[in-house]
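> okay, here's the prediction I keep looking at, along with the sequence it came from:
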Amino acid sequence: AIAVSLVYNGLGNSCVRRGWKGLLMHGKKKMPMHQHLFDLIRCIVTDSEGKQVFKNNLWLLVMGKRRSEITTNVVYESYRQRYDLEHFFRFGKNRMLLDSYRTPDVEHEENWWEIVCLAYTQLLLAAPLCNTTPRPWERYSPEWQTRTIPNPTQVQRDYDRIIQAFGTPASPPKPRGNSPGRQKGTIVNSRPDIPVTFKNKDPPKKAA
C-alpha cells in the first residue's frame, strides 16, 4: 500500500511524504528479518515555489507491531525533534556534566540525569531575562547581531545574575559542629563484586 501526504510547516516550506507498508529486508541466520516487517517513508521538502530544498531525500523507517497506528505526519515531526535532542545531549555533556557523574548505582545515575534535565529547563525558562554578554571575539559576529533569543550557553553565562535578582526562600546555611561519625562496633558491608561487561564478546563455542 502507498500513502501520499502533503503538510506545510511554519517556514513556508512543504513536505511531500510517500510511504510503503509491510516491506522486508534481507536477514541473517541470527537475525530473522522476515519476522520484522517495516514501513518505509520518503520525505521531500520543497519551498513555496515547488523547488526541492535539500539535495537528497529523507528516508525514514518505522518498525514495530503498532506501526500502522503511526501516520506519516507523526513520523516526520518526530524525526524533526531529533535536532533539539542532539543539541541537548551535546550541551549537557559539554556544559552540564551530563556524563561525568560516576556511580555504580543505576538509580543514582538516573537521578543525576533528571537533575540535569531540570537545570536545562531552568535555562530555557530564564532565556527572556538573559542579558547577552558576548566574548570579545564574538561581538562582531553576524550570529550575535541577528540573534533574538539567547541560546542555553548565553543564559548559563548570565544565570548567576538572574538567580540573584529574585533571591531564594531558603535560609542561609549555618555552621555546625563536627560529625560524630559511625558508632563504635558498626559493621559496614562491602559492595558486591559485579562482573565486568565486555562489548563484542564472542559467544561460547559448543563442545564437539
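Alright, I've got the coordinates.

> Val16 should be in a helix, yeah?
No. According to DSSP: H, G, I helix; E, B strand; the rest coil, Val16 belongs to no helix; its state is strand.

> any idea how far it lies from Tyr83?
Relative to Tyr83, Val16 is positioned 20 Å away (criterion: CB to CB, to the nearest Å). Heads up, the C-betas are built off the backbone N, CA and C, glycines and all.

> what's the answer for Met31, then?
Between Met31 and Tyr83 the distance is 30 Å, computed by CB to CB.

> tell me which element Leu98 falls in.
Element membership for Leu98 (DSSP states H and E) is empty, with no helix or strand holding it.

> can you pull the contacts of the closest residue to it other than its chain neighbours?
Beyond its immediate neighbours in the sequence, the residue positioned closest to Leu98 (CB to CB, 6 or more residues apart in numbering) is Gly92, lying 3.5 Å away. With CB atoms under 8 Å, 6 or more residues apart in numbering as the criterion, the residues that contact Gly92 are Leu98, Asp99, Val116, Tyr120.

> buried residues in the host helix or strand of the last one?
In other words, Tyr120. Take DSSP H and E as the rule and Tyr120 turns out to sit in helix 106-125. For helix 106-125, the neighbour count (16 or more other CB atoms under 10 Å) marks Trp112, Val116, Ala119, Tyr120, Leu123 as buried.

> output the contacting helices and strands for that helix.
Contacting helix 106-125 under the criterion 3 or more CB pairs under 8 Å, 6 or more residues apart in numbering; DSSP states H and E are the following elements: helix 82-95, helix 152-166.

> just want the most central residue of this protein.
Leu85 (3.2 Å; CA atoms, centre = their mean).

> pLDDT value on it, please?
The model reports Leu85 with a pLDDT of 87.
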